[in-house]
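Trainee: Structure, please.
(5 chains)
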Amino acid sequence: MDITSIGGIIFAVAMILVGQRLEGGHVGSILQLTAAMIVFGGTIGAVMVAFPKKDFIHGIKLVKLAFTEKNRDLVGIAKSLVEYASVARRDGVLALEGKLGEVKDPFMRRALQFVVDGVDANVTRDTLEGAIDAEMEEDSAAAKVWESAGGFAPTVGILGAVLGLIHVMENLNDPSKLGGGIATAFVATVYGVGAANLLFLPFAAKIKRKVVLEKERKTLIAEGVLSIQEGINPRVLEEKLKAYTGDEGHAEKKAA
Amino acid sequence: MDITSIGGIIFAVAMILVGQRLEGGHVGSILQLTAAMIVFGGTIGAVMVAFPKKDFIHGIKLVKLAFTEKNRDLVGIAKSLVEYASVARRDGVLALEGKLGEVKDPFMRRALQFVVDGVDANVTRDTLEGAIDAEMEEDSAAAKVWESAGGFAPTVGILGAVLGLIHVMENLNDPSKLGGGIATAFVATVYGVGAANLLFLPFAAKIKRKVVLEKERKTLIAEGVLSIQEGINPRVLEEKLKAYTGDEGHAEKKAA
Amino acid sequence: MDITSIGGIIFAVAMILVGQRLEGGHVGSILQLTAAMIVFGGTIGAVMVAFPKKDFIHGIKLVKLAFTEKNRDLVGIAKSLVEYASVARRDGVLALEGKLGEVKDPFMRRALQFVVDGVDANVTRDTLEGAIDAEMEEDSAAAKVWESAGGFAPTVGILGAVLGLIHVMENLNDPSKLGGGIATAFVATVYGVGAANLLFLPFAAKIKRKVVLEKERKTLIAEGVLSIQEGINPRVLEEKLKAYTGDEGHAEKKAA
Amino acid sequence: MDITSIGGIIFAVAMILVGQRLEGGHVGSILQLTAAMIVFGGTIGAVMVAFPKKDFIHGIKLVKLAFTEKNRDLVGIAKSLVEYASVARRDGVLALEGKLGEVKDPFMRRALQFVVDGVDANVTRDTLEGAIDAEMEEDSAAAKVWESAGGFAPTVGILGAVLGLIHVMENLNDPSKLGGGIATAFVATVYGVGAANLLFLPFAAKIKRKVVLEKERKTLIAEGVLSIQEGINPRVLEEKLKAYTGDEGHAEKKAA
Amino acid sequence: MDITSIGGIIFAVAMILVGQRLEGGHVGSILQLTAAMIVFGGTIGAVMVAFPKKDFIHGIKLVKLAFTEKNRDLVGIAKSLVEYASVARRDGVLALEGKLGEVKDPFMRRALQFVVDGVDANVTRDTLEGAIDAEMEEDSAAAKVWESAGGFAPTVGILGAVLGLIHVMENLNDPSKLGGGIATAFVATVYGVGAANLLFLPFAAKIKRKVVLEKERKTLIAEGVLSIQEGINPRVLEEKLKAYTGDEGHAEKKAA
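Mentor: Predicted coordinates for the structure are as follows:
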């Protein structure tokens, strides 16, 4: 579970609602089905037009990235890779077959399978890097679904507000309804600006960042497995992987 | 037919109109010929000034990309390419001539024709890649027509609204007409913001994405045909094309 | 004459004025010398400060690019180049001297003169490419003059509107003048937004595009002449130039 | 202590408050707990959603960069490096061990330790450059936390203002409270725009600049130490390091 | 003296003030100390926070670039370089020492000094190019001070306006003061938008352009002096430098 995503949404909404309550407003006045229909209906429609079906669906699904926390544990991965390198050095790459069963990460398992199968090193590299790049590209395109929703929502919100104001203006004769009408119209702005700034744009930012972090994790695995295939010395591999796990930078900071 | 484009527009417009109806407004109050003249006339004029005639017309035509769905079927293309590679390997490239009749895709047919004609490999590569790049560049320039329309429409909408407000302000003496006048003025904003966010900008986004997808499809064909010309082993070609069809990334996901 | 530029401006202005007329407004209410002074004076001043004198003057002059249509005729140029290549192959490069008189395009004539004069190939290439790049860079810098005017005009328009509103607010005591005053203030916004979106920004876009097209045209000539200097086979040259004239891409489309 | 950061904030806030006071306003009217809750609560929540926990915390901590002044003293560093190069040349790199104790900068100490330990030159280079890049990337990601806060704050401020206006509009019946209500609503805008423009965006700019300056400083150290490892002549090193310390450019200016 | 900078500011301000006067306003109503304090105090403070002290001061000083006109005279510089090349060819580089006294440009003098001193060609190149790049980078960073001021000023202006409106709203009971209060509040917007669009952003644009032009001038000198050091034939140098002085492009235009 991604604590900052869930905590951030709860914190933001709570602070805003409590703040509004303390000023004397009540939640009811910003709960309005028609404004929600206009803002979210219009935004969803615009995003649907803007993306091919495949990207749209992938983007919707990818929101789970914003709410789940994947244990990256780069140090643990590096440790495993060094261990596999030792096994491969001592007993040959075929000995890694026995290890495959205990590997939980599917990308790691797939990469090691290439080594065990004796696939050509260049093919292994092309395949692994191709898979990483393809996933990265696909997920980045999907993150744009949320970015795009964050761009459309506030303007659709303004559209809703102007529609409401038009309705108000046509009924100026009854001033007693003026205030309420304007208030209702403004709710569309609240929905558009709020959804964009508290949900859609932050989702896009977090998804994009996690896609990059996942790419780094897979690159670490790919580099490690390719080195194992080349028969690298486990100690040299350990040093090499430090550049990916960020151990070095931190060691220095602690010393400072 | 591109379902998300058509469905998205219908969904967005329906939700907005129903929402407005539920609030007590009626569609009639946002149907206004003069506002449409100002907003769409001004936007079309601005886009015409901004683009050479050729780009402008190409851009208008390209909107069909946003509404039609081309069956990309990369896997099928790859399968055909592997089959042609087998034929070429077994019976020589001239044997591909018999296959030309059943090739529907014009780019694929043209590329294979080069092989059958025994055109020099470098010339084939330059010609195919040149054609892909030229089409890509031309289509991207055309996609900008819609992006540009999406940029001009809201500001022209504001222009229309301000023109309307000027008219209202000059007739402040008759307060009974005030509300209706302002309402009319606001309709121009609705048209400008609505057209940009529900149509023009989403069109631009979808066209750009489809242009990229089409480039990927043609690159797959070009790479395949060039490999056939070099006399590639069909099985090696099959492996090689997987990087383009995205088969690999998906296989892993299913395994996960 | 560039039809889309002239037609676009006429179309946009006509639609907006007719639309405003149909709504009951009259053109007179948006004709206002003082607003024009503020908006255009302020914008011109800001652009003058933003650019060195040379760039500013070059930018002003370059607006003719937006209104004139240069016959690019890439196919005709390619045909001439192939013809010159034939002459050079058959009778030697000196025979091209007789052709120089009938060459109308100054860049083509200058390039051929290098060949006739027997200038070193590297010097020819450096000089022609240097001239193309220098012109491209200079013209792009000038196109920014219009882009910059399109950025300043709306904000100066708002400045004018606020100045007008200040004047209105100071005379609130006489409500009968309120509406007219606000209307007058809004005209500055109309000028700023209108000039930026119907003139300045579209001018910048069209100039930039034409600068790119002109660069492509000159690059075609340079490549052709350089190949002639190297004694290329006219038929090979014909094939080579197709990549620049875009013939190939179109041939395929027609076949589709 | 970073004088421009602290002085800038004090100066800006003082000028604004004194200006407001001179106009007849009083500070009390812009001190409002509920507006602060809405704006800062909403902004903090949005930023939390937008960043992984690690980046978020690192970003918060990094604000100290905006308030502290690190003595860069590139000239002093270059002088030390030249001195170490002399020692290494005269007495061998092992003689540098005696110098390690007096080196205060942890990065310099760590780099020299590599030399003393006789680590392979390539490993030293990869490790030092990797550490610099990793820190740079991490800190840049963190600077985005403030940039992002500067983007969310004004829109959340508008959200707060609209929420306040809704409340006002619902109570139009009591005109005596109208002004006060609107004033209260506007305070949210003041907080959002003020915090973004006087704090968050300037913080982001200063942090980013300092991250670049720190990278330059570490690159100077890394280049110097790597040259020492290669046994560079101290006088040549002195010349070489001038490109990093910017001595040369200034010498010329003084001469001008 | 930079005529377009000074003339542009005078023209813009004059047109705006005369326009405002013709509409019946008077300059006095937009002269307001408190608004100036808020807008300029807030903007200066924000820029101070955003930049390190060194960059801030350098940026302030660099405004002189926007008002002074440096005689670039690339043709004259090229002529001198060709002359020095002749001297060096005929009498050896040492003969250039006699010329040093008459060289006014400090960068040219410094570069020639390297040649006279017999400094290694690579060192000369690295030093000159390093000095050009360092100055370019430093000055670009400084130009951002003005760009940043142009970004902060309008939002701080809005801040000032909102603060003024809050004050107005709290005193709605006295309608006679309403108009004047709003007018006063709007002056802050005028200051913010005006300063950004008539001064800060144009300054940034002109400074950036002049920094590029100065880089081109110094690159011309550096290339010329380096060629002299290599003992280039003066006539070849003359041809080579034409690419920098832009002579060629113009020659063609005149011929057209």
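Trainee: Quick one: low-confidence residue ranges for chain A.
Mentor: Residues of chain A meeting the criterion pLDDT under 70: A:246-256.
Trainee: Hmm, A:Val63 and A:Trp146 touching each other?
Mentor: Yes: at 7.2 Å, A:Trp146 and A:Val63 qualify as touching, with contact defined as CB atoms under 8 Å. (Glycine included, C-beta is placed from N, CA and C.)
Trainee: how about the most centrally placed residue in chain A, what does it touch?
Mentor: Nearest residue to the geometric centre of chain A (CA atoms, centre = their mean): A:Ile207, 1.7 Å. With CB atoms under 8 Å, 6 or more residues apart in numbering or on different chains as the criterion, the residues that contact A:Ile207 are A:Leu62, A:Val63, A:Leu65, A:Ala66, A:Asp139, A:Ala142, A:Ala143, A:Trp146.
Trainee: Can you classify the nearest residue to A:Asn233 once chain neighbours are set aside as helix, strand or coil?
Mentor: In space, A:Asn233 comes closest to A:Arg89 once its chain neighbours are excluded; the distance is 7.2 Å by CB to CB, 6 or more residues apart in numbering or on different chains. Classification of A:Arg89 using DSSP: H, G, I helix; E, B strand; the rest coil returns helix.
Trainee: Check whether A:Arg89 really touches A:Glu230, as I assumed.
Mentor: No: when contacts are counted by CB under 8 Å, A:Arg89 is not listed as touching A:Glu230 (11.0 Å).
Trainee: in which helix or strand would I find A:Gly42?
Mentor: helix A:33-50 (DSSP states H and E).
Trainee: Quick one: list the elements packing against that helix.
Mentor: If contacts are counted by 3 or more CB pairs under 8 Å, 6 or more residues apart in numbering or on different chains; DSSP states H and E, helix A:33-50 sits against helix A:121-169, helix A:178-194, helix B:3-22, helix B:201-229.
Trainee: Does anything pack onto the third one? Which helices or strands?
Mentor: Contact partners of helix B:3-22 among helices and strands, from 3+ CB pairs under 8 Å, 6+ apart: helix A:33-50, helix A:53-61, helix A:121-169, helix B:64-67, helix B:201-229.
Trainee: most neighbours per residue, which of those?
Mentor: Among the helices and strands packed on helix B:3-22, helix A:33-50 has the highest mean neighbour count (mean count of other CB atoms under 10 Å in any protein chain shown), at a mean of 25.
Trainee: Measure how that helix sits relative to helix A:178-194, angle-wise.
Mentor: 40 degrees (axes from the mean of the first three to the mean of the last three CA atoms, to 10 degrees).
Trainee: residues from the stretch 101-250 of chain A in reach of chain C?
Mentor: Near chain C, no residue belonging to the stretch 101-250 of chain A is found when assessed by CB under 8 Å from any CB of the partner chain.
Trainee: Of all residues in the stretch 101-250 of chain A, which one is closest to chain B?
Mentor: Checking the stretch 101-250 of chain A residue by residue against chain B with CB to the nearest CB singles out A:Leu172 as nearest, at 3.2 Å.
Trainee: And the contacts of A:Ile207, which is closest to chain D?
Mentor: Chain D lies nearest to A:Ala66 out of those, by CB to the nearest CB, at 7.3 Å.
Trainee: Could you check which of A:Arg89 and A:Glu230 is surrounded by more residues?
Mentor: Using other CB atoms under 10 Å in any protein chain shown as the criterion, A:Arg89 and A:Glu230 rank with A:Arg89 on top: 16 against 11.
Trainee: helix/strand/coil for the residue of the stretch 101-250 of chain A closest to chain B?
Mentor: Classification of A:Leu172 using three-state DSSP returns coil.
Trainee: picking up where we left off before, who touches both of A:Trp146 and A:Val63?
Mentor: A:Phe203, A:Ile207.
Trainee: coming back round to it: please identify which of the helices and strands packed on helix B:3-22 is closest to B:Glu23.
Mentor: The minimum distance between B:Glu23 and these falls on helix A:33-50, with 4.7 Å, by CB to CB.
Trainee: what's the angle between the closest one and helix A:53-61?
Mentor: 130 degrees.
Trainee: tell me the angle helix A:33-50 makes with helix A:121-169.
Mentor: Between the axes of helix A:33-50 and helix A:121-169, defined by the same axes, to 10 degrees, the angle is 140 degrees.
Trainee: and the angle for helix A:33-50 with helix B:3-22?
Mentor: Taking the same axes, to 10 degrees, helix A:33-50 and helix B:3-22 form an angle of 160 degrees between their directions.
Trainee: Only C-alpha atoms, please: export helix A:33-50 in PDB.
Mentor: Extracted as PDB, the C-alpha positions of helix A:33-50 are listed here (Å, rounded to 0.1, in the frame of the first residue of the first chain):
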ATOM      1  CA  LEU A  33     -24.800  15.200  -8.800                       C
ATOM      2  CA  THR A  34     -25.300  17.400 -11.900                       C
ATOM      3  CA  ALA A  35     -22.000  19.200 -11.500                       C
ATOM      4  CA  ALA A  36     -20.300  15.800 -11.100                       C
ATOM      5  CA  MET A  37     -21.900  14.500 -14.300                       C
ATOM      6  CA  ILE A  38     -20.800  17.500 -16.300                       C
ATOM      7  CA  VAL A  39     -17.200  17.600 -15.000                       C
ATOM      8  CA  PHE A  40     -16.400  13.900 -14.800                       C
ATOM      9  CA  GLY A  41     -18.500  12.900 -17.800                       C
ATOM     10  CA  GLY A  42     -16.900  15.600 -20.000                       C
ATOM     11  CA  THR A  43     -13.400  14.800 -18.800                       C
ATOM     12  CA  ILE A  44     -13.800  11.000 -19.300                       C
ATOM     13  CA  GLY A  45     -15.200  11.600 -22.700                       C
ATOM     14  CA  ALA A  46     -12.400  14.000 -23.700                       C
ATOM     15  CA  VAL A  47      -9.700  11.500 -22.500                       C
ATOM     16  CA  MET A  48     -11.500   8.700 -24.400                       C
ATOM     17  CA  VAL A  49     -11.300  10.700 -27.600                       C
ATOM     18  CA  ALA A  50      -7.600  11.600 -26.900                       C
END
